[in-house]
Structure formats: structure tokens, C-alpha cells
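Trainee: kindly return the folded structure for what I paste below:
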Amino acid sequence: MLDFRGKVVVITGSLRPMRRQDVIVFLEERGAIVQNYVSTQTDILLAGHKQLDLFEPDKRSKKYDAALSRIAEGQVITIFSEEEFFNFVKKSQS
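Mentor: Down below sits the predicted model:
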């Protein structure tokens, strides 16, 4: 089971089927600190679905790229897909 207590979480992209505000409330109720930007304090990046860019299909969000850069520099950031996150949400509800 994931422990979000005291973890700094950043969300990028849309998280279907939940609204972003519902995801933030879910995380904060479990002790997470939700930020709008990747920083030296970031522990977790929730990478939601992104709108596909037909001209640049591999284009990632700035937050995702920032997380990858920090990981390359040695910072430990766990990246969860929306699917992994929602599997966790489902398990926590049962």
C-alpha cells in the first residue's frame, strides 16, 4: 500500500475519470503535500493522460520533463501512471 504521508506530490495531465480537485483531496486526506511544480522536494509525480499532439506524439509535459531531469541528476522521484494511481484508489476504497 502506498504511503503518501509527508510526500510531496505533483500532478501532470488530466486524471480520468476523477477530477483533479478530487485527486488533490484524496491525496491530502492521506497526508500528501500537493504542489503545482516539480522541485527539489518532489517525491512523486502522477502522470495523467495528456492530449496527443499529432505533430509531436512523444512530447511530454514540462512537469514530466522536469522530473526526468531531476531523476537524471540523482533525485529520487517515483512516477506513477494514472492507471497505477487509480488501481491504488480502487484498492483503498475496498
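
Trainee: what number of residues lie near R60?
Mentor: 15 (other CB atoms under 10 Å). From N, CA and C alone the C-beta is placed, and that goes for glycine too.

Trainee: which residue ranges of this protein form helices?
Mentor: Along the chain, counting by DSSP state H, helices occupy 20-29, 62-72, 82-93.

Trainee: would a markdown table of those helices with mean pLDDT and distance to G48 be doable?
Mentor: Formatted as a markdown table, these follow (pLDDT from 0 to 100; distance: least, CB to CB, whole Å):
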| stretch | mean pLDDT | distance to G48 |
| --- | --- | --- |
| helix 20-29 | 93 | 8 |
| helix 62-72 | 93 | 10 |
| helix 82-93 | 84 | 5 |
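
Trainee: what about the ones you listed, which gets the closest to N36?
Mentor: helix 62-72 (8.5 Å; CB to CB).

Trainee: save the helices of the chain as CSV, and put in distance to H49 too.
Mentor: As requested, the helices of the chain are arranged in CSV below (distance: least, CB to CB, whole Å):
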stretch, distance to H49
helix 20-29, 12
helix 62-72, 12
helix 82-93, 6
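
Trainee: output the ones you listed as JSON lines; include the columns mean neighbour count.
Mentor: Listed next are the helices of the chain as JSON lines, based on neighbours: other CB atoms under 10 Å:
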{"stretch": "helix 20-29", "mean neighbour count": "14"}
{"stretch": "helix 62-72", "mean neighbour count": "15"}
{"stretch": "helix 82-93", "mean neighbour count": "14"}
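
Trainee: looking at those helices, which is closest to Q41?
Mentor: Nearest of the helices of the chain (CB to CB): helix 62-72, 10.5 Å.

Trainee: what's that closest one packed up against?
Mentor: Applying 3 or more CB pairs under 8 Å, 6 or more residues apart in numbering; DSSP states H and E, we find helix 62-72 packed against strand 8-12, strand 44-47.

Trainee: give me that answer again for 10 Å
Mentor: Contact partners of helix 62-72 among helices and strands, from 3 or more CB pairs under 10 Å, 6 or more residues apart in numbering; DSSP states H and E: strand 8-12, strand 44-47, strand 78-81.

Trainee: possible to save the ones you listed as TSV with mean pLDDT and mean neighbour count?
Mentor: Shown next, in TSV, are the helices and strands packed on helix 62-72 (pLDDT from 0 to 100; neighbours: other CB atoms under 10 Å):
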stretch	mean pLDDT	mean neighbour count
strand 8-12	95	21
strand 44-47	93	22
strand 78-81	90	15
